[in-house]
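> My questions are about this predicted structure, shown below with the sequence.
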Amino acid sequence: MQIRVTIKEATHVGMIKLELYSDAQPKDFLEKDGRLRRIRVPGQDEPILVCINVSKPGRFAVAGYHDLDADRRLDKKWNFKPKEPYGLSNNPKFKTKRKPKFEEAAFEVTNFGADIDFILVDLSKD
């Protein structure tokens, strides 16, 4: 079964990096130890469809960013806000400077897989 991710607000430069997390370790959300899969695809004008294989149904979350300079790192400003567009599944709005929680980005994958929209947010324009 697959999670079909449609990435929006992307451009043809750099690369897009997506990471998959499950509810097995929600405390490790956005941590290297909690990551199940990492996928990188070349940047292209939107929409970009990325399929992520999963072995069984469950609750999952996707995090990712548009690595504009393709250096394989999320570039940040002096105040730690991302300089490059980023996003989470469910496209939550962030009003505080805390680390996002798994529950904010979690979605269900059934035996038929799941389709999610993933909107990249560019905070560098703020």
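Perfect, thanks for sending it. Computed from a predicted model, the values in this text were never measured in an experiment.
> So which residue is dead centre in this protein?
With distances taken as C-alpha atoms, centre = their mean, Ala63 lies nearest the centre of the chain, 2.3 Å away.
> beta partners for it?
Bridge pairing for Ala63 (DSSP bridges) gives the partners Glu19, Leu88.
> so what's it up against?
Leu18, Glu19, Tyr21, Phe29, Leu30, Tyr86, Gly87, Leu88, Ser89, Pro100, Ala105 (C-beta atoms under 8 Å, 6 or more residues apart in numbering). (C-beta placed from N, C-alpha, C; glycine too.)
> That one and Lys17: what is the separation?
9 Å (C-beta to C-beta, to the nearest Å).
> which residue packs closest to Gly43, ignoring adjacent ones?
The shortest distance from Gly43 to any non-neighbouring residue, by C-beta to C-beta, 6 or more residues apart in numbering, is to Gly14 (4.6 Å).
> And the residue of the chain positioned farthest from its centre, how close does it get to Asp69?
In the chain, Trp78 marks the outermost C-alpha relative to the chain mean, sitting 22.3 Å out by C-alpha atoms, centre = their mean. Noted for Trp78: a distance of 18 Å to Asp69, by C-beta to C-beta.
> same deal with Leu30?
In terms of C-beta to C-beta, Leu30 sits 21 Å off from Asp69.
> Helix, strand or coil: sort out Lys27 for me.
Here Lys27 is helix, with the state taken from DSSP: H, G, I helix; E, B strand; the rest coil.
> residues near it, how many?
Using other C-beta atoms under 10 Å, the number of residues around Lys27 comes to 9.
> so where do the helices sit in this protein?
Secondary structure of the chain (DSSP state H): helices located at 102-105.
> For Lys56, which non-adjacent residue is closest in space?
Counting by C-beta to C-beta, 6+ apart, Lys56 lies nearest to Met1, which is 7.8 Å off, once chain neighbours are set aside.
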